[in-house]
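1. Sequence and predicted structure are below.
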Amino acid sequence: MEGFEQFAAIQIEVFYWWCIAIMLQIHAGFLTLEVGISRVKNVLATALKNIMTLAVVLPAFYFVGWWIYNAFPDGLIPRMSEAALAALPWSENMGPNITDHASGVFWGAFALFAATTASILSGVLIERVRLSGFLILATILGSVIWNLAASWGWHGEGWFLTQFGYHDVAAAGVIHAIAGFFALGVVVNLGPRIGKYTGDGKIVNILPHNLPSTLLGLMLIYVGFFGFLGGCIIAVTNGEWMTIYGTPTNLSAFVFNALMGLAGGLIGAYLGSKGEPFWVASGGLAGVISVGSGLDLYHPALAFIIAVIGGLMCPFIGNFLERKGIDDPVGAITVHGFIGIWSVLAVGIFASGYPNINGPEISFIGQLVCAAVVILLGFLPGYWTSLLLKKLNMLRIPKQAEMLGIDLTEIPATAFPEGIPSTQENGRLKMIMSKSKTS
Amino acid sequence: MEGFEQFAAIQIEVFYWWCIAIMLQIHAGFLTLEVGISRVKNVLATALKNIMTLAVVLPAFYFVGWWIYNAFPDGLIPRMSEAALAALPWSENMGPNITDHASGVFWGAFALFAATTASILSGVLIERVRLSGFLILATILGSVIWNLAASWGWHGEGWFLTQFGYHDVAAAGVIHAIAGFFALGVVVNLGPRIGKYTGDGKIVNILPHNLPSTLLGLMLIYVGFFGFLGGCIIAVTNGEWMTIYGTPTNLSAFVFNALMGLAGGLIGAYLGSKGEPFWVASGGLAGVISVGSGLDLYHPALAFIIAVIGGLMCPFIGNFLERKGIDDPVGAITVHGFIGIWSVLAVGIFASGYPNINGPEISFIGQLVCAAVVILLGFLPGYWTSLLLKKLNMLRIPKQAEMLGIDLTEIPATAFPEGIPSTQENGRLKMIMSKSKTS
Amino acid sequence: MEGFEQFAAIQIEVFYWWCIAIMLQIHAGFLTLEVGISRVKNVLATALKNIMTLAVVLPAFYFVGWWIYNAFPDGLIPRMSEAALAALPWSENMGPNITDHASGVFWGAFALFAATTASILSGVLIERVRLSGFLILATILGSVIWNLAASWGWHGEGWFLTQFGYHDVAAAGVIHAIAGFFALGVVVNLGPRIGKYTGDGKIVNILPHNLPSTLLGLMLIYVGFFGFLGGCIIAVTNGEWMTIYGTPTNLSAFVFNALMGLAGGLIGAYLGSKGEPFWVASGGLAGVISVGSGLDLYHPALAFIIAVIGGLMCPFIGNFLERKGIDDPVGAITVHGFIGIWSVLAVGIFASGYPNINGPEISFIGQLVCAAVVILLGFLPGYWTSLLLKKLNMLRIPKQAEMLGIDLTEIPATAFPEGIPSTQENGRLKMIMSKSKTS
């Protein structure tokens, strides 16, 4: 049966190959989403940031990040296990090797996860972050921080699992929440966009310049999410699937709950926002993330309800953050950060008592403790690093540049030379209080 | 060989997983297409409708639609067969189940078919339908009507097959035509957009606000169609492919005819429309649909010719409907409805006499009778349901709201706050007679 | 084990099926890219050209191109080998055939390669080429010229391999460079856009009307490239992968080097262009192309360096060509032509001495000689054919039509009827010397 096993190895290789390709579409989606959210005067700076995210995170993940994931399941002391040694860039597994069908595609899928964490951060900071400062933050998040989280909570021997029975199959905590809370840490130091709050503290609605572009971007991300979710399942050569924790599952389970989660999130966000298109479409993502941690466990009707709750919460969390001075133009702290935590806790509520192979059974307390660690592991490095960058004057563009638009001052190109006058030119920036027309 | 069969099951599961992901791109494409076709004043209402289609059709298909497909192959009396029982939402097959690699991904592929039927309807009704009314119609089409059609004509034991030898491999009749004629039934009650016809009955060309967006949307749909076509082939665990009717086929056959159909449709529509970009790009879809029913049977050169004819007919059918007072902004009644029927009939013309396993051989009469049933099964429920909604005042937005734009009156957001003045504002809506510049 | 081999055949069929679907996304990307680069007055003509490329190249490749690829490995004298006979359109392999799981999907993947070569040409000629003239050129490139190149240099028995040990795994020479140099031959006869150079020879920067659209297009092409690269690897039924030259490789190798190439190209182009978004995003493509010829051989760190060099060269080559009077609005002659040659030569520099199965070992001289042949095989037919078309007055639209915009004079539709005033209307076309704001 040697031929059979060889053949099984190829099947797995092909599966992850397409996961990588489809996950790249998440980046096309984030670019489109963020360009739409930006004002005209900043669209190219926004897009360039999305593109350069791939440029820095992929090699950083190659040289450092993959080793961190493999070396730190025990906490902060690295192991020199076989897996960790095989992840060092001079290992024979980390390049073309015809006897190894797995390392390249697994690495590639994780590299795209790394780029996704950085893209989640990206949107939060638009219209005022320096490109250089952002790329440093993206590199730290994408090649150090989320890797630690994943090593702890998304690894067959991670201490979240062995100590607390942590269950987070589709990485709602260790990718989405980590990125969301890292972003929260950064935005505390970065501050809101000029004009986001009036002198007496009232909220100004800074409108997306092209909301249909944002909606297309979210749709492209829905497609890309199937690459992401595919990358969260392990195919093994004996012809079965398992979760990253070694428990059995399959793609059929993922399909039921991903699609019911998508629909539930849309409905919840529609109800919660009274039909604001941005929140509705973001709610689709929030729905999938809401059910991500327990994607292998829920009955689809339960997944639908969990996702409705997740979607419903989004506009309220977003508006709460906005009132607290947190200016998150794309809602990522809400959709990825808070909803990621909701996803982790939901497993503790609805799947408590489910057995693990390499740790205690799933429990609400276990999920809660690990969620708290995830929040701190995201927030604190985001806060400290951005504080350092701020002191070095590398975090935020100069005030004058922000007023005129980053494109005019930093980008040697023009977005729409034939039309769409910029905000600055025609003084259309109106003070619209943060109330929807229908309220 | 147990390992081998287990492994074969996984391969099938992976194949449908990607079909589902790629079919989601059809929805990104329809959003982009319809947003482009809308006038600026309605773009967000249009987009929101596309997004909410997923929200309502996916769960409705979970709770009801999948059971209907499995229960009604005999006509209007449901069977309580094993397959039908397994499709009920409380069945152990309808959720995570590590012994069942098939139900979730098959369900998911069919759920996306359901969403696609609803999206075909969606574009026809833009710029005047109420969101609530549309979502009711989409739910009925996506979870009851097309499911009946598929149970009758796209099922190994459906009465279309057993009684008439019906052949419709890629669902040109039971998905595209059903959706197109349902839409026709609705639009009879909905009526044309205000301003589409002058007082004395002349046709006014209401121009797409962003035709390049529409063309990108169609290109994204071409990609998505490979997910759709993939979902139309059955992979079986003995290592072979079959059609939904149990006859042997393979993906190689599908590739030849899908690509030759795409090219033929483009050429036909180019010739028929004298190069109108909207019809040309729609012609690509029409070409693939034209050859869909016999995708497994045609020589590629024949497929090319059938698709050229399909593409060529499109602008003429579209203009005919327009003259009859049918205002279909996206041409879906033509491209999906009429060309779907052409596809069904073409099999009767070019593949008559081809044997079936579970029914009489393919015949023109058989295809014709079933095409007639499909037309009625689409049109009548579309007509009746929309008539009821009309009487309940739930079908069409108020006249004043339509004049001002749905976005202004119904949507708590603005599409392009920095530019692209709306039609209403700048009075650009010109009465352009429905003649192309080149004619 | 007959079942096993049957099953292996299906796995391969599925892999190429998705390669075809994902490669179609390259066309969605090129349309979006080129529409963005065009001025408003020409956007529909640009898009229509991209759509019609599929219409002509796919059938031409079916009827002629596939046979040429299979018949000409020896040079200019066709073989009547079994493979060549099986590629004739009346062969039983060239249509639905349940005993043949390979021909359709291989043909389909190559048909999309053909369409890609034509799309590379497409962007170079925008804003002044006649649609008819372009389609003739696209057909010749897509169904004759690149096929010869591939038969010579991308075939297990091609004379490039057997005589010179040529290595070009992902077709950087035989697809990208061929298309780029064919385009160069055409543009010599076509000439620059009116207004590209002032009377005294100064360069005018003609600005893309929608640069974010161009950047989205490039992102979609990144995704599509995984279909392209997948189509460059041969899966064989004994459960292993090989290159088109019969040497062993695998997808893991491709992933490492494709992602490191993407990142390296972005970084190189960022440095070389001082952050011009167009060059940066194009640099991602240039990076993948830079490492394409040796995608199976490089260590990822080496691939990264080769790609940085490729990306870095792009703006300099582009500006050099511009100074020489070559008006290439999308930079394709640079990114595909010159960087394709860089990729071929890089294998000669960094992998010299690597053994081949069916030819001498890889050498710099071998790569150099074949690169020269590729340049001539691209340039000369491009030059001659376009010269003939020019004499027949079929190459370029009339001067008056170019001034007014092709859409106004040739296309029976309007791109943006509600907004974005055209260049012509508002006289915004400014003479901006070809210097970036930051220099």
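-> Thanks, I have the structure now.
2. so what's the closest residue to chain B within chain A up against?
-> Nearest residue of chain A to chain B: A:Ser252, at 2.6 Å (C-beta to the nearest C-beta). Just so you know, the C-beta spots here come from the backbone N, C-alpha and C atoms, and that holds for glycine as well. Listed by C-beta atoms under 8 Å, 6 or more residues apart in numbering or on different chains, the contact partners of A:Ser252 are B:Glu13, B:Pro96, B:Asn97, B:Asp100, B:His101, B:Ala102, B:Ser103, B:Gly104, B:Val105.
3. can you confirm the fifth one is in a strand?
-> Translated: B:His101. No: going by DSSP: H, G, I helix; E, B strand; the rest coil, the assignment for B:His101 is coil, not a strand.
4. now it: how far from B:Asn93?
-> To B:Asn93, B:His101 is 11 Å away according to C-beta to C-beta, to the nearest Å.
5. The fourth one now?
-> For B:Asp100, the distance to B:Asn93 under the criterion C-beta to C-beta works out to 5 Å.
6. neighbours of the closest residue to chain C within the stretch 201-350 of chain A, just the number please.
-> Residue nearest to chain C within the stretch 201-350 of chain A (C-beta to the nearest C-beta): A:Ser213, separated by 7.7 Å. A:Ser213 sits with 26 neighbouring residues when counted by other C-beta atoms under 10 Å in any protein chain shown.
7. and if you look at the one 4 residues further on?
-> Residues within reach of A:Gly217, counting by other C-beta under 10 Å, total 26.
8. how about it, what does it touch?
-> By C-beta under 8 Å, 6+ apart, A:Gly217 lies in contact with A:Ala28, A:Gly29, A:Phe30, A:Leu31, A:Thr32, A:Leu33, A:Glu34, A:Val35, A:Gly36.
9. Sitting in helices, which of those do you find?
-> A:Ala28, A:Gly29, A:Phe30, A:Leu31, A:Thr32, A:Leu33, A:Glu34, A:Val35, A:Gly36 (DSSP state H).
10. Out of these, which is nearest to chain C?
-> Among the ones in helices among the contacts of A:Gly217, and counting by C-beta to the nearest C-beta, the member closest to chain C is A:Ala28, at 3.7 Å.
11. right, and the closest one touches C:Leu215 too?
-> No: between A:Ala28 and C:Leu215 there is no contact under C-beta atoms under 8 Å: 9.4 Å.
12. Which one of these two is surrounded by more residues?
-> Using other C-beta under 10 Å as the criterion, A:Ala28 and C:Leu215 rank with C:Leu215 on top: 31 against 28.
13. so that one is in which element?
-> C:Leu215 belongs to helix C:211-230 when assigned by DSSP states H and E.
14. How far off centre is that helix?
-> In terms of C-alpha atoms, centre = their mean, to the nearest Å, the centre of helix C:211-230 is set 12 Å apart from its chain centre.
15. then that helix to CSV, C-alphas only?
-> Extracted C-alpha coordinates of helix C:211-230, given in CSV (Å, rounded to 0.1, in the frame of the first residue of the first chain):
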residue,chain,number,x,y,z
LEU,C,211,-5.8,53.3,-9.8
PRO,C,212,-7.6,51.4,-7.0
SER,C,213,-9.3,49.3,-9.7
THR,C,214,-5.9,48.5,-11.1
LEU,C,215,-4.7,47.4,-7.7
LEU,C,216,-7.7,45.2,-7.1
GLY,C,217,-7.1,43.7,-10.6
LEU,C,218,-3.6,42.8,-9.6
MET,C,219,-4.7,41.2,-6.4
LEU,C,220,-7.2,39.1,-8.3
ILE,C,221,-4.4,38.0,-10.6
TYR,C,222,-2.3,37.0,-7.6
VAL,C,223,-5.1,34.6,-6.7
GLY,C,224,-5.4,33.4,-10.3
PHE,C,225,-1.7,32.8,-10.5
PHE,C,226,-2.2,29.8,-8.2
GLY,C,227,-4.3,28.3,-11.0
PHE,C,228,-1.6,29.1,-13.5
LEU,C,229,1.2,27.6,-11.3
GLY,C,230,-0.9,24.5,-10.6
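16. Could you list the residues in contact with the helix or strand just after that helix?
-> Following helix C:211-230 in sequence order, the next helix or strand is strand C:234-236 (DSSP H and E). Contacts to strand C:234-236, defined as C-beta under 8 Å, 6+ apart, come from residues A:Ile10, C:Gln11, C:Ile12, C:Phe15, C:Trp241, C:Met242, C:Thr243, C:Ile244.
17. please redo it, this time with the cut-off set to 7 Å
-> A:Ile10, C:Ile12, C:Phe15, C:Trp241, C:Met242, C:Thr243, C:Ile244 (C-beta atoms under 7 Å, 6 or more residues apart in numbering or on different chains).
18. The second one: how many residues sit nearby?
-> Neighbour count for C:Ile12, taken as other C-beta under 10 Å: 20.
19. one step back: quick one: work out the angle between the helix holding C:Leu215 and helix A:211-230.
-> Interaxial angle, helix C:211-230 versus helix A:211-230 (axes from the mean of the first three to the mean of the last three C-alpha atoms, to 10 degrees): 30 degrees.
20. buried set for helix C:211-230?
-> When burial is assessed from 16 or more other C-beta atoms under 10 Å in any protein chain shown, helix C:211-230 yields the following buried residues: C:211-230.
21. do the same with stretch A:309-325
-> Buried, per 16+ other C-beta under 10 Å, within stretch A:309-325: A:Ile309, A:Gly310, A:Gly311, A:Leu312, A:Met313, A:Cys314, A:Pro315, A:Ile317, A:Gly318, A:Asn319, A:Leu321, A:Glu322.
22. what's the pLDDT at the first one?
-> So the one you mean is A:Ile309. On pLDDT, A:Ile309 comes in at 98.
23. what do you get for A:Glu418?
-> At A:Glu418, the predicted lDDT confidence score is 76.
24. Not counting its neighbours along the chain, what's nearest it?
-> Closest residue to A:Glu418 in three dimensions, ignoring its sequence neighbours and counting by C-beta to C-beta, 6 or more residues apart in numbering or on different chains: C:His209, at 4.7 Å.
25. Compute the number of surrounding residues for that neighbour.
-> Look at C:His209: counted by other C-beta under 10 Å, it has 28 neighbours.
26. shaky segments in the stretch 201-350 of chain A?
-> Across the stretch 201-350 of chain A, the ranges flagged by pLDDT under 70 are A:237-238.
27. mind listing the helices for it?
-> A:211-230, A:251-273, A:277-290, A:300-323, A:332, A:339-350 (DSSP state H, counting those that start in this stretch).
28. Just give me the neighbour total for the residue in chain A that chain C sits nearest to.
-> Closest contact between chain A and chain C, by C-beta to the nearest C-beta, is at A:Gly104 (2.6 Å). Neighbours of A:Gly104 under the rule other C-beta under 10 Å: 29.
29. Contacts only, for it.
-> Contacts here follow C-beta under 7 Å, 6+ apart; on that basis A:Gly104 touches C:Leu251, C:Ser252, C:Ala253, C:Val255, C:Phe256.
30. Setting the sequence-adjacent residues aside, check what's closest to it.
-> Among residues not flanking A:Gly104 along the chain, C:Ser252 sits closest, at 2.6 Å (C-beta to C-beta, 6+ apart).
31. just A:Ala55 next, same as before
-> Using C-beta to C-beta, 6+ apart and skipping residues adjacent in sequence, the residue nearest A:Ala55 is C:Leu266, 3.6 Å away.
32. same question, A:Thr214
-> Distances taken as C-beta to C-beta, 6+ apart put A:Gly36 closest to A:Thr214, at 3.3 Å, once the chain neighbours are dropped.
33. Correct me if wrong: that neighbour contacts A:Met219.
-> No: at 11.8 Å, A:Gly36 does not count as touching A:Met219 under the criterion of C-beta atoms under 7 Å.
34. re earlier: redo the contacts of A:Gly104 as TSV? Include distance to C:Val369.
-> Converted to TSV, those look like this (distance: C-beta to C-beta, whole Å):
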residue	distance to C:Val369
C:Leu251	30
C:Ser252	32
C:Ala253	26
C:Val255	31
C:Phe256	29
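35. re the thing from before, check the burial of the residue nearest to A:Thr214 by counting its neighbours.
-> A:Gly36 has 25 neighbouring residues, counting by other C-beta under 10 Å.
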